[in-house]
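Participant: Need a 3D model of the sequence below.
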Amino acid sequence: MRAEMKLEFTGDELILMLVSLVRAVNPRMLQQGPEGFSVDFQALDEKQELTADERLLMKLRVAVARAGSEAGYALPIEKGEGERLTGALERIEGMGAWAADVLELSRGLRGRLRVRPAGADQEKED
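Facilitator: Sure, this is the predicted structure:
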């Protein structure tokens, strides 16, 4: 049984997680433009088989697109996904000087992603 938790994220949190994971998986996917950045998913769209990190990127891509301007977006996060996102956020925090609000957002996300749902360590008996 996979341990899964459903967490609510803001649009800013989803974007920070997406960018952090892109930086960890394939930084060339980030494209700088005149109005900020975009993420080029073409290479992943063309792949037949995706790695676990790439599948998580695609999951975040859908979440960011669906969240739009909503105040919160609920997203199921599996244990391994939470661990990978936490690692990606830690790495991006160490890559340079960040605004205090971005660091606070990242640290808060890491704390929430580490929280395990009740009974998550117990295996379900069939």
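
Participant: Name the helix or strand for the residue nearest the centre of the chain, please.
Facilitator: Closest residue to the average C-alpha location of the chain: Met17 at 3.4 Å, with CA atoms, centre = their mean. Assessed by DSSP states H and E, Met17 sits inside helix 11-25.

Participant: residues of that helix that come out buried?
Facilitator: Neighbour counts using 16 or more other CB atoms under 10 Å place 11, 13-25 of helix 11-25 among the buried residues. All C-beta spots, glycine's among them, are computed from the backbone N, C-alpha and C.

Participant: And for stretch 95-113?
Facilitator: Residues of stretch 95-113 classed as buried by neighbour count (16+ other CB under 10 Å): 105-106, 109-110, 112-113.

Participant: before we move on, the earlier item: closest one of the buried residues of helix 11-25 to Gly87?
Facilitator: Set against Gly87, the nearest of the buried residues of helix 11-25 by CB to CB is Ala24 (7.3 Å).
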